[in-house]
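Visitor: Whatever this is, show me its structure:
(one chain, ligands or ions: 2)
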Amino acid sequence: MKKITIKLALFFIFLICISSILSFIVSTLFTNNIENEIRLNQEAIAISILQLEQKTDLSIDEIISITATPIYDVRRLEDVDLTGITKEELEKVHSHKITFLSHSRLHRPTIILMVNDSFIQISLHPHNTIFKIVASRVWFTLLSYVAIGALLIMLLAKRVVKPILKLTSATQEVAKGNFDIQIKNKSNDEIGQLTQNFNKMTRELKNIEYLRKDFITNVSHEFKTPIASIQGFARLLQKGNLSEKEKEEYTNIIVEETARLSNLSSNILKLSKLENQEIVEKEVVFSLDEQMRRSILLLEYEWSKKNIEFDLELDKVKYQGDEELLQQVWINLLGNAIKFSNGDSIISIRLEQTDSTVEVKISDHGIGMSEATMGRIFEKFYQGDKAHSYEGNGLGLPLVKRILDLYGGNIYVKSKLNEGSTFTVELPL
Ligand SMILES: Nc1ncnc2c1ncn2[C@@H]1O[C@H](COP(=O)(O)OP(=O)(O)OP(=O)(O)O)[C@@H](O)[C@H]1O
Ligand SMILES: [Mg+2]
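Guide: Ligands and ions are numbered 1, 2, ... in the order given. The predicted structure is shown next:
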């Protein structure tokens, strides 16, 4: 038996006892005239005895047998002194008055009267009085009430405690690292809600655990490929016997791969720094349209290679924030637009200010994305199918998303496979 069920049952018994005692006190306060009532009844019997004696020829014994009731015992007394009667009371009796005994030896209301020189005593029946029967019934009812109530409370408490026990063992499982646990729950009360939240928590934990494992796998994978290729080409160079042209080609590959590695680690570092950051520091006012133009210039090497042109419509917008972080957003989005654009195409950029937001739209005419790709582009290390033939590690958009989250901004994407993509960024003012 669990402790809480016993506690509840004890609590119930305690409540019953307290309320019984209190109600008993209250009821005696209001029914203290019960003795009075008995006295009146006995007096009535005494009066009818006297009347019967006066108006009929019945003998005393006959009168007694007529007037006795199951509640009141009427009898003739041989020795009146045995009743505990006082002198004054005896005088009263002798003067033919109905006398109520103040200190009856019977310990119950008693009346003495005199009829034809015999003493007659009227008192409550000593055995099996209705009061005793009623009292025993009341006691029995009360006791069985407490016993049945306590039993029912224990059964009920078991039902209440069951989900708590389930939760306890489930939390122990979670502490051991098992996040697969889900508790069945149908109720919607407080414990039901606790269970629902527990289930939600384990799902989240499982997700986080999955992401963490996934992240490590992805990082190792992204590092492995360039390192393997550097190792391979370095071995070839080590062996010698290579033409000048081959030597140059291999060293170029090694330089490119090291650049990729350094880019990858700097992106991972940036992302991890941003994920641990909650607020944007370095708030300065700068010109967003200027920053846009500068970002395009920084990427000149990439777009001029593909002969890409820009169509700009930039409002003059002053913005307060971390200049470097926002530059990173434009570089990543423009970098993608250029990377996934077809050659000789146009990229259009719109910068507009409304009352409460700044909106930036970057549209390209490139490979576009399928619905499935669009749904996953903000996941770390995710690269669309076609994107694997391009450079990159799939960290650009997660970085953008994290920076915009810090700003309370939003990013939306519209895209059609083989037609092009439009990324819209909203920044709060
Ligand atoms: N303008 C775009 N057109 C088509 N596909 C895009 C575009 N921008 C992003 N994507 C898709 O989203 C994926 C994720 O983009 P993200 O910038 O995060 O990674 P990446 O560009 O592949 O690598 P990294 O940015 O780390 O160099 C890309 O691999 C690509 O499939
Ligand atoms: Mg990118």
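
Visitor: so where do the strands sit in the chain?
Guide: 72-77, 99-100, 110-115, 118-124, 284-287, 309-314, 318-321, 346-353, 357-364, 410-416, 420-428 (DSSP state E).

Visitor: Let's have these in a markdown table, adding mean neighbour count and mean pLDDT.
Guide: All C-beta atoms are positioned from the backbone trio N, CA, C, and that covers glycine. Formatted as a markdown table, the strands of the chain follow (neighbours: other Cβ atoms under 10 Å; pLDDT from 0 to 100):
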| stretch | mean neighbour count | mean pLDDT |
| --- | --- | --- |
| strand 72-77 | 17 | 88 |
| strand 99-100 | 20 | 88 |
| strand 110-115 | 22 | 89 |
| strand 118-124 | 21 | 88 |
| strand 284-287 | 12 | 92 |
| strand 309-314 | 13 | 95 |
| strand 318-321 | 16 | 91 |
| strand 346-353 | 17 | 96 |
| strand 357-364 | 19 | 96 |
| strand 410-416 | 15 | 95 |
| strand 420-428 | 19 | 95 |
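
Visitor: Make a markdown table out of these and add distance to ligand 1.
Guide: Below are the strands of the chain laid out as a markdown table (distance: least, Cβ to the nearest ligand atom, whole Å):
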| stretch | distance to ligand 1 |
| --- | --- |
| strand 72-77 | 103 |
| strand 99-100 | 106 |
| strand 110-115 | 106 |
| strand 118-124 | 99 |
| strand 284-287 | 24 |
| strand 309-314 | 14 |
| strand 318-321 | 21 |
| strand 346-353 | 9 |
| strand 357-364 | 5 |
| strand 410-416 | 6 |
| strand 420-428 | 4 |
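
Visitor: Quick one: closest of those to Ala372.
Guide: Closest to Ala372 of these is strand 410-416 (Cβ to Cβ; 11.4 Å).

Visitor: Let me know the angle separating the closest one from strand 357-364.
Guide: 30 degrees (axes from the mean of the first three to the mean of the last three Cα atoms, to 10 degrees).

Visitor: What pairs with strand 410-416, parallel or antiparallel?
Guide: strand 420-428 (antiparallel) (DSSP bridges).

Visitor: hmm, the partner strand touching ligand 2?
Guide: No: using Cβ under 5 Å from the ion, strand 420-428 never reaches ligand 2; the gap is at least 11.0 Å.

Visitor: What are the contacting residues of that strand?
Guide: 319, 321, 329, 333, 336-337, 340-341, 356-366, 368-369, 404, 407-415 (Cβ atoms under 8 Å, 6 or more residues apart in numbering).

Visitor: again, but for stretch 57-76
Guide: Contact with stretch 57-76 is made by 41-42, 45, 48-49, 52-53, 56, 115-116, 118-126, 129-131, as judged by Cβ under 8 Å, 6+ apart.

Visitor: Mind checking the pLDDT average for stretch 265-282?
Guide: The average pLDDT within stretch 265-282 is 81.

Visitor: so who does whichever residue of the stretch 101-250 of the chain sits closest to ligand 1 touch?
Guide: Ranking the residues of the stretch 101-250 of the chain by distance to ligand 1 (Cβ to the nearest ligand atom) places Glu222 first, at 9.3 Å. Shown in contact with Glu222 (Cβ under 8 Å, 6+ apart): 264, 381, 393.

Visitor: List, out of these, those positioned next to ligand 1.
Guide: Asn393 (Cβ under 6 Å from any ligand atom).

Visitor: Of the contacts of Glu222 - the most surrounded one?
Guide: The residue in these with the most neighbours, by other Cβ atoms under 10 Å, is Asn393 (19 neighbours).

Visitor: how much space between that residue and Asn252?
Guide: According to Cβ to Cβ, to the nearest Å, Asn393 and Asn252 sit 20 Å apart.

Visitor: and what of Glu173?
Guide: 55 Å.

Visitor: got it, and Thr195?
Guide: Relative to Asn252, and taking Cβ to Cβ, Thr195 is found at 61 Å.

Visitor: The residue in the chain that ligand 2 sits nearest to: what's it in contact with?
Guide: Residue nearest to ligand 2 within the chain (Cβ to the ion): Gly396, separated by 2.7 Å. Contacts for Gly396 (Cβ under 8 Å, 6+ apart) come out as 267, 332, 335-336.

Visitor: What is the most widely separated pair among the residues you listed?
Guide: Going by Cβ to Cβ, the pair spanning the contacts of Gly396 furthest: Asn267 and Asn336, at 13.5 Å.

Visitor: then stretch 65-80 to PDB, C-alphas only?
Guide: Output of stretch 65-80 as PDB, limited to C-alpha atoms (Å, rounded to 0.1, in the frame of the first residue of the first chain):
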ATOM      1  CA  SER A  65     -50.900  -3.200  33.000                       C
ATOM      2  CA  ILE A  66     -53.000  -0.800  30.900                       C
ATOM      3  CA  THR A  67     -50.800   2.200  31.300                       C
ATOM      4  CA  ALA A  68     -47.400   0.600  30.900                       C
ATOM      5  CA  THR A  69     -45.800   1.100  27.400                       C
ATOM      6  CA  PRO A  70     -42.800  -0.400  25.800                       C
ATOM      7  CA  ILE A  71     -40.900   2.700  26.700                       C
ATOM      8  CA  TYR A  72     -42.200   3.500  30.100                       C
ATOM      9  CA  ASP A  73     -42.200   0.900  32.900                       C
ATOM     10  CA  VAL A  74     -45.000   1.300  35.500                       C
ATOM     11  CA  ARG A  75     -44.900  -0.700  38.700                       C
ATOM     12  CA  ARG A  76     -46.100  -0.900  42.200                       C
ATOM     13  CA  LEU A  77     -43.400  -0.300  44.800                       C
ATOM     14  CA  GLU A  78     -43.100  -2.300  48.000                       C
ATOM     15  CA  ASP A  79     -40.400  -0.100  49.600                       C
ATOM     16  CA  VAL A  80     -40.300   3.500  48.400                       C
END
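
Visitor: For burial, what's the neighbour tally of the nearest residue to Ile47 once chain neighbours are set aside?
Guide: Among residues not flanking Ile47 along the chain, Ile98 sits closest, at 7.3 Å (Cβ to Cβ, 6 or more residues apart in numbering). Counted with other Cβ under 10 Å, residues neighbouring Ile98 total 19.

Visitor: and what of Thr258?
Guide: 13.

Visitor: got the contact list for it?
Guide: Per Cβ under 8 Å, 6+ apart, neighbours of Thr258: 226, 230.

Visitor: ok, now Ile111?
Guide: 39, 42-43, 45-46, 98-101, 121-123.

Visitor: And the furthest pair within those residues?
Guide: Ile45 and Leu101 (14.9 Å).

Visitor: any low-confidence regions in this protein?
Guide: Within the chain, the segments meeting pLDDT under 70 span 1-2, 30-33, 127-131, 133, 280, 282, 386-388.
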